[in-house]
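**Q** Sequence below, structure please.
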Amino acid sequence: MKVTVVGAGAVGASCAEYIAIKNFASEVVLLDIKEGYAEGKAMDLMQCASLNGFDTKITGTTNDYTKTAGSHVCVITSGIPRKPGMTREELIGINAGIVKTVSQNLVKHSPETVLIVVSNPMDTMTYLAHRVTGLPKNRIIGMGGALDSARFKYRLAEALNAPISDVDGMVIGGHSDVGMVPLISHATRNSIKVSEFISDERLAQVKEATKIGGATLTKLLGTSAWYAPGAAVSGLVQAIACDQKKIFPCSVLLDGEYGLRDLCIGVPVILGSNGIEKIVDIKLSASEMTHLQTSAEGVKKTNGLLNL
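**A** So this is what the prediction gives:
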């Protein structure tokens, strides 16, 4: 089974590394536009194979999409961060152009692939991929909810003073600090609601810390995070490649589900060999539903900046 990761930066390389370490893919192709960069990252990662005990073959290529042909899953991490003085419209315009070109090239050489979009603004870039590729809706997935949920579980475990393996929780909605909807009502510790252990005040703190999780890391690191984003992508790829039928919150194209349509936003889905096997309808509290609808309005506003 072959996986392509476009963008050999920190997130893309971390994603390739985690996929290789999990040892479920026969080949990972790392592609970048910078001459020799993906080849160097791939070589460095392959020199870890004997140390980390994996047999996955990692190859790098400079902008040669023929090397990606026949990929079962393709991951798009390409794009630029917002620079000083750059407007949101300018950022979206640049990244939209990149994602459009990349997604069309990937589908040209792997028409049966499942696309996973990581590029920001992620919900809008996922929507763009639907508009420019013509792939069926089950084969285009935005990664954000999987990452946001991992950050939520980290904060829950911290508040509970519990091992993370004991904690479960999910974040839906847009992949932004305003748009995230951490589902406190569904969060559990070993099947017991976390509200049995933590006060409402502490849970509110957990919720807010989750929503600014990315910004917190950027402030500390001086750049965006890469370990957890790469791990989140690898989890989605494995669920698809191994037909695991796992539930992840992902940004998907909605057509009436949750009362929303014609946008991509994070909701729980079952992932298997066909990509999105099913959108899972879960009961939300009144405040969670209101927050989701507000989040959707924000996503639609950003989508309006696309030049479609």
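
**Q** C-alpha only now, for contacts and for neighbours.
**A** OK.

**Q** Would you check how far apart Val17 and Gly275 are?
**A** Check again: residue 17 is Glu, not Val. 22 Å (Cα to Cα, to the nearest Å).

**Q** Ok, Pro182 next?
**A** Counting by Cα to Cα, the gap from Pro182 to Gly275 is 24 Å.

**Q** again with Met46
**A** Met46 is 28 Å from Gly275, by Cα to Cα.

**Q** Tell me which of those two has more neighbours.
**A** Gly275 (26 against 20; other Cα atoms under 10 Å).

**Q** What is the burial count for Leu156?
**A** Around Leu156 there are 30 residues (other Cα under 10 Å).

**Q** ok, now which ones touch it?
**A** Applying Cα atoms under 8 Å, 6 or more residues apart in numbering to Leu156 gives the contacts Val167, Val206.

**Q** what's the pLDDT at it?
**A** Leu156 is assigned a pLDDT of 98 by the prediction.

**Q** Tell me which helix or strand it sits in.
**A** Assigned by DSSP states H and E, Leu156 belongs to helix 144-160.

**Q** Off-centre distance for that helix?
**A** In terms of Cα atoms, centre = their mean, to the nearest Å, the centre of helix 144-160 is found 14 Å from the chain centre.

**Q** which other residues reach the longest strand that the chain contains?
**A** Using DSSP state E to define each element, the chain has its longest strand at strand 261-272. Contact with strand 261-272 is made by 123-124, 126-127, 142, 144-145, 171-175, 236, 239-255, 276-281, 296, 299-300, as judged by Cα under 8 Å, 6+ apart.

**Q** Now a ChimeraX select for only the buried ones of these.
**A** Of the contacts of strand 261-272, the buried ones can be selected in ChimeraX as follows, counting by 16 or more other Cα atoms under 10 Å:
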select :123,124,126,127,142,144,145,171,172,173,174,175,236,239,240,241,243,245,246,247,248,249,250,251,252,253,254,276,277,279,296,299,300
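
**Q** Among the contacts of strand 261-272, name the ones in strands.
**A** 142, 171-173, 246-255, 276-279.

**Q** Model confidence for Glu257, exactly?
**A** On pLDDT, Glu257 comes in at 97.

**Q** Apart from its neighbours in sequence, what residue is nearest it?
**A** Asp281 (7.6 Å; Cα to Cα, 6 or more residues apart in numbering).

**Q** residues contacting the one you found?
**A** Contact partners of Asp281, counting by Cα under 8 Å, 6+ apart, are Glu257, Tyr258, Pro268.

**Q** so Asp44 is in which element?
**A** Assigned by DSSP H and E, Asp44 falls in helix 37-46.

**Q** for that helix, which positions count as buried?
**A** Tyr37, Ala38, Glu39, Gly40, Lys41, Ala42, Leu45, Met46.

**Q** ditto for stretch 184-194
**A** If you call a residue buried by 16+ other Cα under 10 Å, then stretch 184-194 has these buried ones: Ile184, His186, Ala187, Thr188, Arg189, Lys193, Val194.

**Q** Among the residues you listed, which are located in strands?
**A** Counting by DSSP E, those contribute Thr188, Arg189, Lys193 to strands.

**Q** returning to what we had before: could you dump the helix holding Asp44 to PDB, C-alpha only?
**A** Extracted in PDB, the C-alpha atoms of helix 37-46 (Å, rounded to 0.1, in the frame of the first residue of the first chain):
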ATOM      1  CA  TYR A  37      14.700  18.700   0.100                       C
ATOM      2  CA  ALA A  38      12.300  15.700   0.100                       C
ATOM      3  CA  GLU A  39      15.100  13.400  -1.100                       C
ATOM      4  CA  GLY A  40      17.200  14.500   1.900                       C
ATOM      5  CA  LYS A  41      14.400  14.000   4.400                       C
ATOM      6  CA  ALA A  42      13.500  10.600   2.900                       C
ATOM      7  CA  MET A  43      17.200   9.500   3.100                       C
ATOM      8  CA  ASP A  44      17.400  10.600   6.700                       C
ATOM      9  CA  LEU A  45      14.200   8.800   7.600                       C
ATOM     10  CA  MET A  46      15.300   5.600   5.800                       C
END
